[in-house]
Structures are given as C-alpha cells and as structure tokens.
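Chemist: Sequence first, predicted model second:
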Amino acid sequence: MTFSDSAARLAGFAGAVLGWAPEVFWRATPAELAGVVGALVGDVQTPPDASTIARLRGAFPDG
C-alpha cells in the first residue's frame, strides 16, 4: 500500500467516523490520530497517578 493509498483510507475514516473535516485531518499528527482511534477501540492506558506525576515533574522541571 502506498502513502497516498494509506492517507486516503485514513482521511476517509477520519471524516466518516470522527467527523473530521479534511483540514483537521491534515493538521493532525499520526500520534493524535492513533490516540483517538485507540480511545474508540478501548485501547487506552490508565493515566498516571499523582505520585508518578510528581516524580516526573521533579525529573523534568519546566523551569
């Protein structure tokens, strides 16, 4: 399958299932599209708890 074949198939899905206009589809990143599709099929990870968030904030301060 070529890139254009895959893009057309995904654009059709995004329009028909997600209600996305073409400009919304083309502005979305592959990760954003994958996240939405994952949520639709129930493939969602448990969000981090408060202690994990605090640990990450300490390890990666925004300044």
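Modeler: Looks like it arrived, so ask away.
Chemist: From Pro30, how far off is Phe3?
Modeler: Phe3 sits 12 Å away from Pro30, going by C-beta to C-beta, to the nearest Å. C-beta here means a position set from N, CA and C on the backbone, and glycine is covered the same way.
Chemist: what does Arg55 give?
Modeler: To Pro30, Arg55 is 28 Å away according to C-beta to C-beta.
Chemist: One more: Ala59?
Modeler: Distance from Ala59 to Pro30, counting by C-beta to C-beta: 27 Å.
Chemist: Contacts for the worst-scoring helix or strand of the chain on mean pLDDT next, please.
Modeler: Taking mean pLDDT, DSSP states H and E as the measure, helix 30-40 is the helix or strand of the chain with the lowest mean score, a mean of 89. Here helix 30-40 makes contact (C-beta atoms under 8 Å, 6 or more residues apart in numbering) with 10, 14, 17-18, 25, 44.
Chemist: same thing but 7 Å
Modeler: With contacts defined as C-beta atoms under 7 Å, 6 or more residues apart in numbering, helix 30-40 is touched by 10, 14, 18, 44.
Chemist: What distance do you get for the second one to Ala59?
Modeler: When you say that, I think you mean Ala14. In this view, Ala14 and Ala59 are 35 Å apart by C-beta to C-beta.
Chemist: And these two? Which one has more around it.
Modeler: A count of neighbours by other C-beta atoms under 10 Å puts Ala14 above the other of Ala14 and Ala59, at 20 against 7.
Chemist: give the contact list for the more buried one.
Modeler: Applying C-beta under 7 Å, 6+ apart to Ala14 gives the contacts 20, 25, 33.
Chemist: so how many other residues sit close to Ser6?
Modeler: Ser6 has 10 neighbours, counted by other C-beta under 10 Å.
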